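Student: could you look at this predicted model? Sequence included:
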Amino acid sequence: MAQKGFIYKSRGSWFLKYRDDVIEEGRIVRKQQCKKLTAVCDRYRTEKDLHGLRDEIMGPINAGKRDAPYDLDLPRPVAVRATRDGSLRPAPADLRVTGLSDQHTWLAVPPADPLDIGDWVALGLSHPCTTFDKWPLIPVATADGTVTSYVHTFF
């Protein structure tokens, strides 16, 4: 099950507690994190009111440990294709992968440059060897996403 974090209220503010993968001494280590979301106010009275803010920090995409290698480093967002108009742009500098589940990648999404539901996020990989092991047939695509051929990998 993918994590959703734990939202709680303390001293007039809402907080999100969750686990994040960080790199320590060349290894990925899961650490507990806590972030202040906002002050308690009319707009944010209940935990349910905070789900949008939580999702900005912990937005999931449909790729995970089964899809992307993570043995050397976590994947990194490199581009975003907007669902609204199909435009392609470089990934925001603060958009980063915070963790991987079996079938989901969790993103820290910068509030100043949010993603829309359905936006496509291209991930760059730190180490191709595991990719070749997981994907013996890799599609080759044009800039608009049209698959034109396949590359067979032998690893």
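Tutor: Received it, and whenever you're ready, just let me know what you need.

Student: can you pull out the helices in this structure?
Tutor: 51-57, 128-134 (DSSP state H).

Student: what's the most buried one of these?
Tutor: helix 51-57 (a mean of 16; mean count of other CB atoms under 10 Å). C-beta coordinates here come from the backbone N, C-alpha and C atoms, glycine included.

Student: just the mean pLDDT for it, thanks.
Tutor: Throughout helix 51-57, pLDDT has a mean value of 73.

Student: so where's this protein uncertain?
Tutor: Applying pLDDT under 70 to the chain flags residues 1-4, 20-22, 55-59.

Student: tell me, what residue is most central in it?
Tutor: By CA atoms, centre = their mean, the chain has its centre lying nearest to residue 107, at 2.4 Å.

Student: now distance to residue 83 too, for the helices of the chain, in CSV please.
Tutor: CSV is the format used below for the helices of the chain (distance: least, CB to CB, whole Å):
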stretch, distance to residue 83
helix 51-57, 16
helix 128-134, 26
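
Student: for residue 14, find the nearest of those helices.
Tutor: Closest to residue 14 of the helices of the chain is helix 51-57 (CB to CB; 7.8 Å).

Student: pretty sure residue 149 contacts residue 141?
Tutor: No. Counting by CB atoms under 8 Å, residue 149 sits too far from residue 141 to count as a contact (9.1 Å).

Student: more neighbours: which of these two?
Tutor: residue 141 (11 against 8; other CB atoms under 10 Å).

Student: and the gap between the nearest residue to the more buried one once chain neighbours are set aside and residue 140?
Tutor: Excluding the flanking residues, the one nearest residue 141 by CB to CB, 6 or more residues apart in numbering is residue 147, at 5.1 Å. Computed as CB to CB, to the nearest Å, the residue 147 to residue 140 distance reads 7 Å.

Student: what does residue 95 give?
Tutor: Counting by CB to CB, the gap from residue 95 to residue 140 is 25 Å.

Student: so for those two, which sits in the more crowded spot?
Tutor: residue 95 (20 against 10).

Student: tell me the bridge partners for the residue lying closest to the more buried one once chain neighbours are set aside.
Tutor: Nearest in space to residue 95, with sequence neighbours left out and distances taken as CB to CB, 6+ apart, is residue 77 at 4.7 Å. Beta bridges link residue 77 to residue 123 when assigned by DSSP bridges.
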